[in-house]
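K.L.:
curious how this folds, go ahead:
(one chain, ligands or ions: 2)
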Amino acid sequence: MLIKKTSDIASSEITPESVYLNRRQFMGSSLIAGGAMALGTAGMAHAEQELKALQYAKAKQGPEGFYTDETLTPYDDVASYNNFYEFGTGKGDPAKNAHALTTDPWSITIEGEVEKPGTYPLEDILSKVDLEERIYRLRCVEAWSMVVPWIGFSLADLIKQMQPTSKAKYIAFETLYRPKEMKGQRSRTSTIDYPYVEGLRMDEAMHPLTLMSVGLYGKVLPNQNGAPIRLVVPWKYGFKSIKSIVKIKFLEKEPPTTWNLLQASEYGFYANVNPDVDHPRWSQKSERRLPSGLFSPNRILTEPFNGYGEQVASLYTGMDLRKYY
Ligand SMILES: Nc1nc2c(c(=O)[nH]1)N[C@H]1C(S)=C(S)[C@@H](COP(=O)(O)O)O[C@H]1N2
Ligand SMILES: [Mo]
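P.N.:
Ligands and ions are numbered 1, 2, ... in the order given. As a prediction, this is how the structure comes out:
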């Protein structure tokens, strides 16, 4: 039986034939498929009732920037060192508490300046897109970073399906609000006003690097990483990459965003990674690349636009990035 544990999977096996498995296939199961070959008849039989909607994630060639050959951050770090305040503010809280989240059924409501508003089951959305693997750097505003092999599709593919009107200049995202399952939303001391909200300008949202992710390391997203579907905008600070999305709105005006609402002087709408603009309370010139330890801090210099400047700098031509931080 060629079913493997995540820790056994070499990244070389993941690209180019990673397998995306519907979230149901993993319910109560530690079985991970390491590649197309891993899903032989035995694997199918093993979880027969659960195995549905199997899709192959074909790594496609694309514009430069979809892949990096930097060392991947190990799965265990990616899935245990998280920011997901809905499950607590400690880095280990989401991994501890997010099992309570029900991710099936799941749907996304589309609203606003768009020809095809409505509530779409996640399966329907996924049936109309091609999943692929992208290896991106993720740089948190707190000055730590990771390299993650995501599975997902370009947000642009979803936007085109929904047919925004000419008035749609921005796009807003909303995370699930379900205090029964999200411990942090029940906290009376929470400073965040839930649901967590984020947004992008339409040209940023349409950029080929902007990813809707449903998996990492060739398996479904762990709940703590934003299951069943989250945004990944690799040239922006991590807080823009909103998790567990249930609503997308197309808007004429710039939408409010959670961290900006909380502290506008520290977190702007744009939040492009920028080593030249320090956070008021710490430097942004360098970052701690995970895994990072006391004796191996693994500190590296932070790149403008998190190293994606060649692809995205032109989106901001003529803008003062100190003002629009
Ligand atoms: N809904 C929601 N989305 C969120 C957050 C959050 O607290 N709630 N944290 C953000 C921050 S600050 C970061 S750095 C990334 C972390 O993603 P990861 O845990 O998958 O590394 O998620 C972002 N998305
Ligand atoms: Mo972050």
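
K.L.:
who's in contact with the spatially closest residue to residue 170 that is not a sequence neighbour?
P.N.:
Once flanking residues are discounted, residue 170 sits nearest to residue 251: 4.6 Å by C-beta to C-beta, 6 or more residues apart in numbering. Just so you know, the C-beta spots here come from the backbone N, C-alpha and C atoms, and that holds for glycine as well. Residues in contact with residue 251 (C-beta atoms under 8 Å, 6 or more residues apart in numbering) are 112-113, 168-172, 199.

K.L.:
then residue 321?
P.N.:
270, 272, 274, 277.

K.L.:
related to what we said a few turns ago, separate out the buried members of the contacts of residue 251.
P.N.:
112-113, 168, 170-172, 199 (16 or more other C-beta atoms under 10 Å).

K.L.:
what's the farthest-apart pair in those?
P.N.:
Greatest spatial distance among the buried ones among the contacts of residue 251 (C-beta to C-beta): 113 and 199, at 13.4 Å.

K.L.:
next up, the contacts around whichever residue of the stretch 201-325 of the chain sits closest to ligand 1.
P.N.:
Proximity of the stretch 201-325 of the chain to ligand 1 (C-beta to the nearest ligand atom) peaks at residue 238, 2.5 Å away. Counting by C-beta under 8 Å, 6+ apart, residue 238 touches 83, 138-141.

K.L.:
mind checking which of those are in strands?
P.N.:
If you go by DSSP state E, the contacts of residue 238 have 138-139 in strands.

K.L.:
now do the helices in this structure.
P.N.:
11-14, 41-46, 75-78, 93-97, 122-127, 155-162, 183-186, 202-206, 258-262, 309-312 (DSSP state H).

K.L.:
so which of those is nearest residue 107?
P.N.:
helix 122-127 (6.2 Å).

K.L.:
the closest one packs against which elements?
P.N.:
strand 107-112 (3 or more C-beta pairs under 8 Å, 6 or more residues apart in numbering; DSSP states H and E).

K.L.:
can you list the buried residues in the strand it packs on?
P.N.:
Buried, per 16+ other C-beta under 10 Å, within strand 107-112: 108, 110-112.

K.L.:
likewise for stretch 92-103?
P.N.:
Under 16+ other C-beta under 10 Å, the buried positions of stretch 92-103 are 93-95, 97-98, 101, 103.

K.L.:
what's the answer for stretch 171-187, then?
P.N.:
For stretch 171-187, burial by neighbour count (16+ other C-beta under 10 Å) applies to 171-176, 178, 181-185, 187.

K.L.:
so which of the residues you listed reach ligand 1?
P.N.:
Contacts with ligand 1 within these, counted by C-beta under 6 Å from any ligand atom: residue 175.

K.L.:
return the subset of the buried residues of stretch 171-187 lying in strands.
P.N.:
Using DSSP E, the buried residues of stretch 171-187 in strands are 171-175.

K.L.:
can you lay out those residues as CSV showing distance to residue 119 and pLDDT?
P.N.:
CSV is the format used below for those (distance: C-beta to C-beta, whole Å; pLDDT from 0 to 100):
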residue, distance to residue 119, pLDDT
171, 17, 98
172, 16, 99
173, 15, 99
174, 13, 99
175, 16, 99
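
K.L.:
quick one: which of these is nearest to ligand 2?
P.N.:
residue 175 (14.1 Å; C-beta to the ion).

K.L.:
and that closest one, how far is that from residue 278?
P.N.:
Distance from residue 175 to residue 278, counting by C-beta to C-beta, to the nearest Å: 28 Å.

K.L.:
kindly report the same for residue 207.
P.N.:
With C-beta to C-beta as the criterion, residue 207 and residue 278 are 26 Å apart.

K.L.:
end to end on stretch 191-209, go ahead and measure it.
P.N.:
31 Å (C-alpha to C-alpha, to the nearest Å).

K.L.:
related to what we said a few turns ago, near ligand 2 too, which of the contacts of residue 251?
P.N.:
Near ligand 2, taking C-beta under 5 Å from the ion as the test, no member of those is found.

K.L.:
perfect, I'm done here.
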